[in-house]
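Enquirer: Show me how the following folds:
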Amino acid sequence: MPLPSKRILFISNGHGEDNHSSYVIETLLQLYPNLELAAMPIVGEGNAYRRLNIPIIGPTQNMPSGGFSYINRLRLLTDLKAGLVGLTWQQLRAVWQYAPSCDLIMATGDTVSQGFAYSTGYPYVSFISCLSALYEGTLKVGPFIGTFLRSPRCLGVFTRDPYTAKDLKKQGIGKALFGGIPSLDKLQPTGKDLQLKADTPMVALLPGSRLPEAVRNFKLQLNLILEILKVIPPEKIQFRAALVPKLMKELTSIADSEDWQYEDNKLSYHTEQGTIEVICYSDAFNDILHNCTLMLGMAGLAVDQGIALGKPVIQVPGEGPQFTYEFAEAQTRLIGSCAQTIGTGPATANTLKEAAQCVARTIVDHPYLEECETNGKARFGPPGASERIAEFLLSNLGVNEQ
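Expert: Residues are numbered from 1 along each chain as shown. Presented below is the predicted three-dimensional model:
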């Protein structure tokens, strides 16, 4: 007898949120293949959904702010000029038109995605993946999102960390549940050969995934490496870069502009102390995180993933639009003692010198490294988010896993 078909609509407002949903979708289809799934990514093109061939029900568009207008409200003006209001209205109408045919809606993100789900008048599950009580000690539930999360049509509220679930329960939202970070479920090492020297600290370079910002960030990290070499001999440290494919294609021009040599995914620089190499990969993110001593991070979710594995991060603010001092400072509050942010604005020469000293201190501070391993894992809780959320969705659809 064929399994009954069920339909779920995923609504998300951010690239990280799209990724969270995509991992839940993969797990859902493994547990119960007879699902009809569709998505409405409110920010960007929804590439995480497109990768899985999930139909997108409304228009999508990349905005000038890249979805980070909340960091700098002036960028909101550029989005408005680019047609943000009209786009959002079209997306909302698409959701209203599609929702009546759904058995369940899942909204991933903050007030915008939750508001979209609430406005349909149909049952939904909330995953507030970008919100955390760790930022301020308690999550300030404003009138809008409070209405959305407390609605009887909201069947459950998943959080990214255990602390936030406990905090929401104290605030009377008894349906709050610890979900976690779905991408952590995919973080198993693959056995990639990173060409590592034994017994030598390895620093992971995480410049972010969004071009052209990631190019600027990576150049800044290369300049930081040159400062590091002034305080650590090249044979006492090694570097591996986890880059998106688009950034890998820019390595020749990056090397030319920064006076590095580039050949076969390997950047090298000759100093009086010796030659340092940065070996770059687009397919070794998991292995680099598992094997690194610490991260030089200029990213969001990628840094969270490393912290959850117990790896500390040293952050140097860039020019943005995403990785600014404001973002780094907020990230520090989320991560806690596992993060060290150097500088209070776009990095200067002095910032890089200070960061180099910080790297030198950190890689030999074994009590601190052990503390980060304990604190990082505890801060984000155990993996398994994709399965926890998928099973909850299926239980509310009234179907049994295969």
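
Enquirer: lowest-confidence helix or strand of the protein?
Expert: Among the helical and strand segments of the chain, the one scoring lowest on mean pLDDT, DSSP states H and E is helix 73-81, with a mean of 54.

Enquirer: Can you get me the start-to-end distance on stretch 375-392?
Expert: 28 Å (Cα to Cα, to the nearest Å).

Enquirer: same question, stretch 133-150
Expert: With Cα to Cα, one end of stretch 133-150 sits 17 Å from the other.

Enquirer: just checking, A284 touches Q195?
Expert: No - in this structure A284 lies outside contact range of Q195 using Cβ atoms under 8 Å: 10.4 Å. For every residue, glycine as well, the C-beta is placed using N, CA and C.

Enquirer: of these two, who's got more company?
Expert: A284 (22 against 10; other Cβ atoms under 10 Å).

Enquirer: how about the more buried one, what does it touch?
Expert: 190, 192, 194, 240, 242 (Cβ atoms under 8 Å, 6 or more residues apart in numbering).

Enquirer: now it: how far from A204?
Expert: 10 Å (Cβ to Cβ, to the nearest Å).

Enquirer: which neighbours do the two share?
Expert: Joint contacts of A284 and A204 (Cβ under 8 Å, 6+ apart) are 240, 242.

Enquirer: Nearest the geometric middle of the chain, what residue?
Expert: By Cα atoms, centre = their mean, the chain has its centre lying nearest to L301, at 1.9 Å.

Enquirer: didn't that residue look like it was pressed against G16?
Expert: Yes - with contact defined as Cβ under 8 Å, L301 counts as touching G16 (4.7 Å).

Enquirer: which residues of the stretch 151-300 of the chain fall in helices?
Expert: 162-170, 213-228, 245-248, 251-258, 285-291 (DSSP state H, counting those that start in this stretch).

Enquirer: I'd like the next helix or strand past the helix or strand containing M106.
Expert: M106 is part of strand 104-108 when elements are defined by DSSP states H and E. Downstream of strand 104-108, the next assigned helix or strand under DSSP H and E is helix 111-119.

Enquirer: what about dumping the CA coordinates of that following helix to CSV?
Expert: Extracted as CSV, the C-alpha positions of helix 111-119 are listed here (Å, rounded to 0.1, in the frame of the first residue of the first chain):
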residue,chain,number,x,y,z
THR,A,111,10.7,37.8,12.7
VAL,A,112,10.3,38.0,8.9
SER,A,113,10.0,34.3,8.2
GLN,A,114,8.0,33.7,11.3
GLY,A,115,5.7,36.5,10.3
PHE,A,116,5.2,35.0,6.9
ALA,A,117,4.2,31.7,8.4
TYR,A,118,1.9,33.3,10.9
SER,A,119,0.2,35.4,8.3
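
Enquirer: tell me the contacts of T164?
Expert: Counting by Cβ under 8 Å, 6+ apart, T164 touches 128, 131-134, 139, 176, 178.

Enquirer: Kindly recompute the last result at 6 Å.
Expert: Contacts for T164 (Cβ atoms under 6 Å, 6 or more residues apart in numbering) come out as 132-133, 139.

Enquirer: same check, this time on V231
Expert: By Cβ under 6 Å, 6+ apart, the neighbours of V231 are 356, 360.

Enquirer: State the pLDDT value of it.
Expert: You'll see V231 listed with a pLDDT of 94.

Enquirer: cool, and the one 3 residues further on?
Expert: Per-residue confidence for P234 comes out at a pLDDT of 93.

Enquirer: Just give me the neighbour total for it.
Expert: 18.

Enquirer: what's the span of stretch 329-347, first residue to last?
Expert: Length of stretch 329-347, first residue to last, Cα to Cα: 14 Å.

Enquirer: what's next to it, contact-wise?
Expert: Around stretch 329-347, the neighbours that count as contacts under Cβ under 6 Å, 6+ apart are 132, 134-135, 220, 307, 312-317, 319, 325, 328, 351, 354-355, 358, 372, 375-376.

Enquirer: What's the PyMOL line that selects buried ones from those residues?
Expert: Burial among the contacts of stretch 329-347 is assessed by 16 or more other Cβ atoms under 10 Å; the matching PyMOL selection reads:
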select buried, resi 132+134+220+307+312+313+314+315+316+317+325+328+351+355+358+372+375+376
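
Enquirer: Can you flag which of the contacts of stretch 329-347 belong to strands?
Expert: 313-315 (DSSP state E).

Enquirer: Can you give me the neighbour number for G274?
Expert: There are 11 residues near G274, going by other Cβ under 10 Å.
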